[in-house]
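Visitor: Fold the following, please.
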Amino acid sequence: MRRSSAAERLSEPELIPVDVERAHEEYERCAETPESVYENLDHGHALYETISESRQTLLEKREAEGDEFARERRQVYSHLEQGKLVHTRAKLENEGRGVTRPAIVDHDGSQILAFHKPFTGSLELFLGSDDVVYRVVSSLDARGQLTRKLAPIENLRDVGIDSVDQIKENIQAAEGQREHYSQIYGIDAHRLTHRANPFRLRDIDSHAESRAAVSASILSELLKNKERIVPVTVARNDEHGPGTLQQGVEGEIFGIEQVKRIYQSGDPDQYAYPILDLACGQFLNYETDGTAYNVVGGKLIDNGYSFVLSMQDPNAEESLHHAERHYPAGPLNGIALDILHDFPHWELDEDERQPYLDLVRDVNTYRSILQKKLTLREQRALPDSVREGDAARLVNNVFRYIFERVDENGEVIPETRTVAFHEARNFIARAHYIGMNGRPPRFELPKRRMRNFRERFEKKRSTS
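Guide: Next comes the predicted model:
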C-alpha cells in the first residue's frame with residue numbers, strides 16, 4: 001500500500017483544517033510591502049557604495065604610509081568586488097535561506113578561493129488567526145521580483161517549537177522587548193527591523209545578515225594590525241542574486257581538540273593572545289554566532305549574526321562603564337569569549353590595546369571639531385585623516401548601513417537612523433572598554449546552555 005507523501009498529508013482537511021489563502025492575506029497585512037523591500041535593496045546598495053569608497057580611501061592612505069598588508073587587502077577587495085564567479089555551488093535551500101558554498105572568483109586571469117552566500121530568500125514563522133503555524137518562504141527571482149509562499153507546519157518540533165502556546169509567549173515577549181527598546185532609544189520600536197523582533201526573521205527585507213557580515217570586515221580596517229581577524233567580505237548583486245563573498249580561509253576549525261589543547265597544555269597562558277584577539281573581535285562586533293565552525297584558521301568568519309541591538313539595563317548603576325551597561329538582544333555567543341571567561345588574568349598589553357584607543361581618540365577628536373571645541377591652530381596640527389573625520393564618518397555610515405531602513409516611498413524611517421547612531425556610539429564605547437581594560441567584560445554564562453567550554457570539555461573527558 002502506497003504511503004501518502006508529506007504534501008498530501010498536509011492537504012488532508014481532517015488532519016489540519018487550514019485556510020492557506022486567508023492566512024496569506026493575514027500575513028500580507030502585517031508584512032513588509034514589496035515596494036518597501038525593493039526600496040530597501042536600493043537604499044542599502046547606495047549606502048554600501050558610500051562606505052566602500054571610504055574603505056578604499058582608508059586603505060590607500062595606509063598603503064601610501066608603507067602598510068604592505070593594507071595593499072594586499074585592497075587587492076583582495078577589488079578581486080572579490082570586480083571578479084566573476086566561475087564556479088559556485090551556492091544555492092537557495094528549500095526553506096528559502098541561502099547556504100554558504102565555496103566559490104572560485106576570477107579577475108583578469110587570477111583566481112582566488114572565496115565563500116559565496118546568497119541572500120535571495122528568507123524563512124519566517126507566522127501564527128494565523130486559526131492558531132495554525134505557517135512556514136513563510138520569501139524569495140527574489142532572477143528578475144528581482146518578490147514572491148511569498150505559505151504552508152502549514154504539521155509538526156512544530158520540526159522547527160524547534162513545542163506548542164502554539166510557546167509561539168504566543170514569544171510574541172508577547174517580543175512586544176515587551178519592543179517596549180524596552182522604545183525606552184532605550186526614545187522611539188517607537190515597532191518601526192524597527194526584525195533585529196528588535198526576535199520571533200520573526202525578515203532577512204529578505206533588510207538583508208540584515210549580509211549587511212552585518214560586510215560591516216564586520218569594513219570596521220576591522222579601522223583597527224590597524226587587528227584587521228587580520230576578519231577576512232575581506234564584500235556585497236555582491238549579480239546573476240546569482242544579492243549576497244556576500246568572503247575571502248577564503250584555510251585552517252583548523254576551533255573545535256574540541258583546540259579547546260583540549262589549551263586546557264591540557266599545562267601552560268594555557270601561551271594561548272592568551274590568539275584567544276584575546278578573537279574574543280575582543282567577538283565582543284566588539286556583538287557576535288551571537290561565534291561557534292567553533294565560525295572560527296577558522298584564527299579568523300572570525302560568517303559574521304552575519306553580528307551587531308545585534310544593544311540591551312541597556314535600566315537598573316544599572318550610573319557608575320558602571322558605558323559598555324558594561326549595554327548588552328546584546330541575544331546572548332553573546334563566542335567560543336573565544338567562553339574560554340576567556342575562565343582566565344580573568346588574560347589582558348592585552350599596551351601595544352595591543354593601542355589600535356582600540358587610537359580609534360576612540362580619532363572619533364572623539366572629530367566630534368570635538370564638529371562641536372567647535374578645537375581652535376583652528378589645534379585642528380591644523382592634526383593628521384588629515386583625523387581632521388577630515390575618516391574614522392568617525394565611516395563608523396556612522398557603516399551603522400546606518402546595518403540598521404537604517406526606508407519605507408515604501410524611499411523615505412528614511414527616522415527611528416532606524418536613531419538606532420544606527422546609538423549603536424555607532426556603543427561600538428566606540430566597546431572599543432574604549434577593550435583599550436582601557438585589555439579585554440572584554442567578563443559576562444556571566446548561562447549554565448542552562450553550558451556555554452562555558454571548560455565545563456563542556458570536563459563533561460566530555462569524563463564520559464570518554
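
Visitor: From here on, just use CA atoms for contacts and neighbour counts.
Guide: Fine.

Visitor: Give me the below-cutoff pLDDT ranges for the stretch 201-350 of the chain.
Guide: Scanning the stretch 201-350 of the chain for pLDDT under 70 picks out 201-207, 225, 227, 311-333.

Visitor: rerun that using 80 as the cut-off
Guide: Counting by pLDDT under 80, the ranges of the stretch 201-350 of the chain that qualify are 201-208, 224-228, 238-242, 255-256, 288-292, 308-334.

Visitor: In the stretch 51-200 of the chain, where is pLDDT below threshold?
Guide: In the predicted model, the stretch 51-200 of the chain carries pLDDT under 80 at residues 87-100, 118-125, 137-146, 159-160, 170-184, 188-200.

Visitor: Now with 90, please.
Guide: 58, 61-62, 65-70, 85-103, 115-200 (pLDDT under 90).

Visitor: ranges for the strands of it?
Guide: 84-88, 101-107, 110-118, 121-127, 133-140, 146-152 (DSSP state E, counting those that start in this stretch).

Visitor: mind checking which of those is nearest residue 358?
Guide: Residue 358 lies closest to strand 110-118 among the strands of the stretch 51-200 of the chain, at 31.3 Å (Cα to Cα).

Visitor: Taking strand 101-107 as reference, get the angle to the closest one.
Guide: Interaxial angle, strand 110-118 versus strand 101-107 (axes from the mean of the first three to the mean of the last three Cα atoms, to 10 degrees): 140 degrees.

Visitor: how about the residue most central in space within the chain, secondary structure?
Guide: Closest residue to the average C-alpha location of the chain: residue 306 at 2.5 Å, with Cα atoms, centre = their mean. Following DSSP: H, G, I helix; E, B strand; the rest coil, the label given to residue 306 is coil.

Visitor: if I look at it, how far off is residue 402?
Guide: 10 Å (Cα to Cα, to the nearest Å).

Visitor: and if you look at residue 19?
Guide: In terms of Cα to Cα, residue 19 sits 37 Å off from residue 402.

Visitor: okay, those two: which has more neighbours?
Guide: residue 402 (29 against 14; other Cα atoms under 10 Å).

Visitor: Enumerate every residue touching the more buried one.
Guide: By Cα atoms under 8 Å, 6 or more residues apart in numbering, the contact set of residue 402 is 208, 211-212, 215, 307, 420.

Visitor: Name the helix or strand for it, please.
Guide: helix 390-403 (DSSP states H and E).

Visitor: Residue 26 contacts residue 128, correct?
Guide: Yes - under the criterion of Cα atoms under 8 Å, residue 26 lies in contact with residue 128, with a separation of 7.2 Å.

Visitor: Tell me which of the two has more neighbours.
Guide: It is residue 128, of residue 26 and residue 128, that has more neighbours when counted by other Cα under 10 Å, with 19 against 15.

Visitor: With adjacent residues omitted, what lies nearest to the more buried one?
Guide: Distance criterion Cα to Cα, 6 or more residues apart in numbering; nearest residue to residue 128, sequence neighbours excluded, is residue 23 at 5.7 Å.

Visitor: again with residue 422
Guide: Using Cα to Cα, 6+ apart and skipping the chain neighbours, the partner closest in space to residue 422 is residue 185 (7.6 Å).

Visitor: pretty sure the one you found contacts residue 420?
Guide: No - using Cα under 8 Å, residue 185 is not in contact with residue 420, being 10.3 Å away.

Visitor: Which one of these two is surrounded by more residues?
Guide: Taking other Cα under 10 Å, residue 185 and residue 420 do not tie; residue 420 has more neighbours (24 against 16).

Visitor: quick one, what contacts the more buried one?
Guide: Applying Cα under 8 Å, 6+ apart, we find residue 420 in contact with 396, 399-400, 402-404.

Visitor: I'd assumed residue 128 was in contact with residue 135.
Guide: No - the criterion here is Cα under 8 Å, and residue 135 misses it with residue 128 at 10.7 Å.
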